[in-house]
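Participant: Generate coordinates for the sequence data below:
(one chain, ligands or ions: 1)
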Amino acid sequence: MTSTDRRQFLTTAAAVAAATPFAGAFGVGREDTLNLALVGCGGRGRGSIGDTMAVNDGVRLVAISDVNEGKVQAAKANLEKSHGDKIQIADEQAHVGLDGYQAILNNPSVDVVHFTTSPGFRPRHVLEAVQAGKHVFAEKPVCVDPAGWRICKEAHELAQENGTAIVTGTQYRRQKNYVEAIDLIKQGAIGTVKGMTARYCSTGIWNRERQEGMSDAEYQINNWMHFIWLSGDQICEQAVHNVDVMTWLLGNPTTAYGSGGRFTRPEDSQMWDSMSVDYTFDAPEGERLCSFMCRQIPGTAGNADNMIYGSEGVASIKAINGGTRIVDADGKVIYRERGDIGVAYRQEHKDLIDSIRGGSPIVELQDTADASLAAVMGRVAAYTGQKISWKQITESKLDLFPKGLSLDASLPNDGYAIPGRTQFV
Ligand SMILES: NC(=O)c1ccc[n+]([C@@H]2O[C@H](COP(=O)([O-])OP(=O)(O)OC[C@H]3O[C@@H](n4cnc5c(N)ncnc54)[C@H](O)[C@@H]3O)[C@@H](O)[C@H]2O)c1
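Facilitator: From the prediction side, this is the model:
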């Protein structure tokens, strides 16, 4: 069977199963079992497989891939221990290297691929997966530059045409206290939204030092957080969650104007320590402002809150398990809900598998690509010191992905951005 034949077969099998008294009883080993594969066997890769196993029957992991052989072996052993016979990875389906994902895409028995590498690879991996007819789970952010955003746009449109699903790792879009609050605000619970603040301020982040014998490419791919072509800096890699709240509520920003700098990062890191960006949004009732800030400095106070100010009330939506509280103009609480991020992480995978089995695959890449590009827009505004419009960023030529990448490639470190010297391209 080709991937397309297999997709049609699974949809028919799901419809037949739904018409029997055993509807929904998909068991491992049955022909309608969905075969999963994992590209990127780090923390979130293993986590995403754990999440789907926790909420879905009739799924098994049949192939994995990573650039690092140790990560492949560790993930295989770790997942087998945790999930028993739901992990059925034959030795020849444990791939090592930059092209391991292609072996997975060429395997017709694979139905769904989880992409959990560093973000720089995401747009090309996802587009190729959709071209190969695979359903996709793509961790956030889904792009780190405008070139990647355009590739995501192509992948989104193709997925809508060829019936493949793309669910993304923006778990807050499935977290009860976020979903209900955003719906209430859109329905007018706090009157007209006048503006908001969003923060993603946390302590430090890991740094994986260069080991003897590593090529530039091996070092940068391993220490990916610190290289912008791979992580997009903190505003993309981590703070995109709260940029996404902003775009979810207000749409794509009209302009970004920002500042920031670096004080504590390792010498060869390209990351900044902090960034503050004013995003504006055009609206019929006048321009709205989101004051956004992100920071990763050890010993500083954390804050990952979204505050939304309306003409008739204020909403506070806090990240992780911080919960939501909405008050009216008199300070009376009109909505309160606790947060449970663990449930949201798992819901992504239930929705993905249900949508495939139900024959209406979810395709949500564009929203996450737009949030990722809004984060890029803020970074570019801060790096260059210029005010950047949405039109400018969507048309920007910035393409950070190295040409002809191989694991032994020499990749000179261009250093970090300096406003006034770093140019918009
Ligand atoms: N949704 C969330 O809350 C959440 C939380 C953590 C991480 N993430 C995202 O998940 C992704 C992975 O993060 P992580 O913490 O698991 O990182 P990690 O470093 O633990 O894992 C990444 C893995 O990908 C491998 N890899 C890198 N490039 C590869 C390639 N081209 N082909 C195959 N393997 C490759 C690395 O060797 C590594 O094992 C990132 O995009 C991150 O932003 C999301």
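Participant: Just the pLDDT for the residue nearest in space to the middle of the chain.
Facilitator: Residue closest to the average C-alpha location in the chain (C-alpha atoms, centre = their mean): residue 140, at 0.8 Å. Per-residue confidence (pLDDT) for residue 140: 98.
Participant: can you check residue 4 too?
Facilitator: Listed pLDDT for residue 4 reads 64.
Participant: Alongside the ligand, which residues does the stretch 1-150 of the chain contribute?
Facilitator: 39-45, 65-68, 71, 98, 100-101, 116-119, 121, 139-140 (C-beta under 6 Å from any ligand atom). C-beta coordinates here come from the backbone N, C-alpha and C atoms, glycine included.
Participant: again, 8 Å this time
Facilitator: Within reach of the ligand by C-beta under 8 Å from any ligand atom, the stretch 1-150 of the chain has these residues: 39-47, 65-68, 71, 75, 97-98, 100-101, 116-122, 125, 139-141.
Participant: In PyMOL, select just the buried ones from the residues you listed.
Facilitator: In PyMOL syntax, the buried subset of those is picked out as below (16 or more other C-beta atoms under 10 Å):
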select buried, resi 39+40+41+42+44+45+46+65+66+67+68+71+75+97+98+100+101+116+117+118+119+120+121+122+125+139+140+141
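Participant: one step back: identify the residues contacting the residue nearest to the centre of the chain.
Facilitator: 119, 168, 169, 170, 240, 241, 244, 368, 371, 372 (C-beta atoms under 8 Å, 6 or more residues apart in numbering).
Participant: can you put those residues in TSV and add secondary structure and distance to residue 182?
Facilitator: Shown next, in TSV, are those (DSSP: H, G, I helix; E, B strand; the rest coil; distance: C-beta to C-beta, whole Å):
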residue	secondary structure	distance to residue 182
119	helix	24
168	strand	17
169	coil	18
170	coil	12
240	helix	16
241	helix	13
244	helix	11
368	helix	15
371	helix	13
372	helix	19
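Participant: quick one: which of these is nearest to residue 341?
Facilitator: Relative to residue 341, the closest of the contacts of residue 140 is residue 241; by C-beta to C-beta it sits at 10.2 Å.
Participant: residues near that closest one, how many?
Facilitator: For residue 241, the neighbour count with other C-beta atoms under 10 Å is 24.
Participant: From the ligand, how far out is it?
Facilitator: Residue 241 sits 7 Å away from the ligand, going by C-beta to the nearest ligand atom, to the nearest Å.
Participant: So that residue sits against residue 169, correct?
Facilitator: No: Residue 241 is beyond contact range of residue 169, at 9.5 Å (criterion: C-beta atoms under 8 Å).
Participant: one step back: can I get the contacts of residue 140 in CSV including pLDDT?
Facilitator: Shown next, in CSV, are the contacts of residue 140 (pLDDT from 0 to 100):
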residue, pLDDT
119, 98
168, 98
169, 98
170, 98
240, 98
241, 98
244, 98
368, 98
371, 98
372, 99
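Participant: Of the residues you listed, which is the most crowded?
Facilitator: Of all the contacts of residue 140, residue 372 has the most neighbours under the rule other C-beta under 10 Å, reaching 32 neighbours.
Participant: In contact with residue 176, which residues?
Facilitator: Residue 176 makes contacts with 337, 339, 340, 343, 344, as judged by C-beta under 8 Å, 6+ apart.
Participant: Mind checking which of the residues you listed are in strands?
Facilitator: Under the assignment DSSP state E, the contacts of residue 176 contribute residue 337 to strands.
Participant: Closest one of the contacts of residue 176 to the ligand?
Facilitator: Checking those against the ligand with C-beta to the nearest ligand atom, the nearest one is residue 344 at 9.2 Å.
Participant: dump the residue contacts of the closest one.
Facilitator: Listed by C-beta under 8 Å, 6+ apart, the contact set of residue 344 reads 171, 172, 174, 175, 176, 178.
Participant: ok, which pair from those residues is furthest apart?
Facilitator: 171 and 176 (11.4 Å).
Participant: Confirm residue 416 sits in a helix?
Facilitator: No: counting by DSSP: H, G, I helix; E, B strand; the rest coil, residue 416 falls outside a helix, being coil.
Participant: And the closest residue in space to it that isn't next to it in sequence, how close does it get to residue 385?
Facilitator: Leaving aside its sequence neighbours, residue 416 sits nearest to residue 270 (C-beta to C-beta, 6 or more residues apart in numbering; 4.9 Å). To residue 385, residue 270 is 17 Å away according to C-beta to C-beta, to the nearest Å.
Participant: neighbour-wise, which of these two wins?
Facilitator: For the pair residue 270 and residue 385, the greater number of neighbours falls to residue 270 (20 against 16), based on other C-beta under 10 Å.
Participant: Can you read off the pLDDT for that one?
Facilitator: So residue 270 comes in at 98 (pLDDT).
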